[in-house]
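A.B. asks: everything below, folded, please.
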Amino acid sequence: MQYDFISRLNHWIIAITMIGMLLFGLCLAYGGLEREARGPLIEIQRSVGILVLIYGAWRVAWRMISGRSPP
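C.D. replies: Residues are numbered from 1 along each chain as shown. Take a look at the predicted model:
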């Protein structure tokens, strides 16, 4: 099974971004930062999360448009 370049790129961008978001969230939760220092970082994580959601919707739309690869 061979996926096109855009489908593979979409997959890896989402995978790397989700792993990064998970690690960033764990650092925020258990990193020992003061509450005041975490506030702006949480806002950044929230903004990036919204962008990941939008990009994930693009990925689903691309999959529906391009269809499945032949077996």
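A.B. asks: where are the low-confidence patches of the protein?
C.D. replies: 1, 69-71 (pLDDT under 70).
A.B. asks: hey, where'd the helices end up in it?
C.D. replies: 5-30, 35-66 (DSSP state H).
A.B. asks: what about Ala37, how many neighbours?
C.D. replies: 11 (other C-beta atoms under 10 Å). The way it works is simple: take the backbone N, C-alpha and C, and place the C-beta from them, glycine included.
A.B. asks: what about it, distance to Phe24?
C.D. replies: Using C-beta to C-beta, to the nearest Å, Ala37 is found at 14 Å from Phe24.
A.B. asks: same thing with Arg35?
C.D. replies: Arg35 is 17 Å from Phe24, where distance means C-beta to C-beta.
A.B. asks: Ile42 now?
C.D. replies: Going from Ile42 to Phe24 by C-beta to C-beta gives 10 Å.
A.B. asks: and the two? Which one has more around it.
C.D. replies: Higher neighbour count among Ile42 and Phe24: Phe24, with 17 against 12, using other C-beta under 10 Å.
A.B. asks: hang on, the more buried one packs against Arg46?
C.D. replies: No. Using C-beta atoms under 8 Å, Phe24 is not in contact with Arg46; the gap is 11.1 Å.
A.B. asks: how far away is Cys27 from Arg38?
C.D. replies: 10 Å.
A.B. asks: my bad, Ser66
C.D. replies: 40 Å.
A.B. asks: for Ile13, same thing?
C.D. replies: Note on Ile13: its distance to Arg38, by C-beta to C-beta, is 26 Å.
A.B. asks: got it, and Ser7?
C.D. replies: 36 Å.
A.B. asks: likewise for Tyr55?
C.D. replies: Tyr55 sits 25 Å away from Arg38, going by C-beta to C-beta.
A.B. asks: then Gly49?
C.D. replies: In this structure, Gly49 and Arg38 are 15 Å apart, going by C-beta to C-beta.
A.B. asks: does Gly56 touch Thr17 like I think?
C.D. replies: No. The criterion here is C-beta under 8 Å, and Gly56 misses it with Thr17 at 9.4 Å.
A.B. asks: and for the closest residue to Asp4 other than its chain neighbours, the neighbour number?
C.D. replies: Closest residue to Asp4 apart from its sequence neighbours, by C-beta to C-beta, 6 or more residues apart in numbering: Ser66 at 6.6 Å. By other C-beta under 10 Å, 13 other residues sit near Ser66.
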